[in-house]
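**Student:** I'll drop the sequence and a predicted model, then ask my questions.
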Amino acid sequence: MNVQPRTLHLLRVFAVASVLVAIVHAEPDIAVTPIARDGQVLVTFDMTNAFGPDVRDAIQSGLPTTFSYEVELRRVSALFDRTIAQVTMTASVRFDNLTRRYQMSRSIDGRVEDARPTEDQEAVRAWMTHFERIPLSATAALEANGEYYVRVRAHTRPRNAWFFWPWGGAILGHANFTFIQ
């Protein structure tokens with residue numbers, strides 16, 4: 001088979017362009033890490049690939065933007081998994097075009113836990129997508145050697161195209177663990 005150099009060049013360009021498009025349009029994902037320590041189940045999670053140009057543009061326009069996370073500790077069972085604990089986390093940001101500052105806030109189950117201003121866009125991204133050692137439950141509620149998992153479900157307001165899923169509009173992440181006492 002004799003393939004012309006021009007055809008080979010076009011195939012290479014198409015392959016490189018396909019890879020670049022896949023990288024740019026990577027789906028958001030949530031990495032979840034549960035830890036049982038000092039009588040508490042603590043959860044750290046990070047949503048990657050969620051802060052694309054559409055989210056940045058919405059924030060820069062001054063539109064209040066909120067990421068909501070439903071965090072559940074569940075016990076594995078034969079028929080239906082049982083929810084042991086549930087926490088709803090929200091991270092919100094609003095950009096003020098006059099002062100050129102972002103006002104950020106975080107809440108747990110509707111109670112504001114922290115609020116602060118910043119001028120740093122990278123600090124906003126971390127504030128909205130990264131959570132460290134969130135207390136989820138006391139380990140007293142867990143059975144020794146029991147199989148558990150932590151599931152994190154993320155939603156956004158306003159709803160953006162990168163969160164479009166035909167089956168529910170949420171990004172899911174989970175991590176399994178065995179509670180050893």
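**Tutor:** Alright, I've got the coordinates. Quick caveat: nothing in here was measured; it's all calculated off a predicted structure.
**Student:** from here on, contacts and neighbour counts on C-alpha atoms
**Tutor:** Fine.
**Student:** for this protein, name the helix or strand with the lowest mean pLDDT.
**Tutor:** helix 5-24 (a mean of 52; mean pLDDT, DSSP states H and E).
**Student:** what is the longest strand along the chain packed up against?
**Tutor:** With secondary structure taken from DSSP state E, the chain has its longest strand at strand 82-96. On a contact count with 3 or more C-alpha pairs under 8 Å, 6 or more residues apart in numbering; DSSP states H and E, strand 82-96 meets helix 53-60, strand 65-75, strand 101-108, helix 121-129, strand 130-138.
**Student:** nearest to A175, of the ones you listed?
**Tutor:** Of all the helices and strands packed on strand 82-96, strand 65-75 sits nearest to A175, with 9.9 Å by C-alpha to C-alpha.
**Student:** and the angle for the closest one with strand 130-138?
**Tutor:** Taking axes from the mean of the first three to the mean of the last three C-alpha atoms, to 10 degrees, one finds strand 65-75 and strand 130-138 inclined to each other by 40 degrees.
**Student:** in which helix or strand does the residue nearest to the spatial centre of the chain reside?
**Tutor:** Nearest to the mean C-alpha position of the chain, by C-alpha atoms, centre = their mean, lies M47 at 2.9 Å. Assigned by DSSP states H and E, M47 falls within strand 40-48.
**Student:** list the buried residues in that strand.
**Tutor:** By neighbour count with 16 or more other C-alpha atoms under 10 Å, strand 40-48 contains the buried residues Q40, V41, L42, V43, F45, D46, M47.
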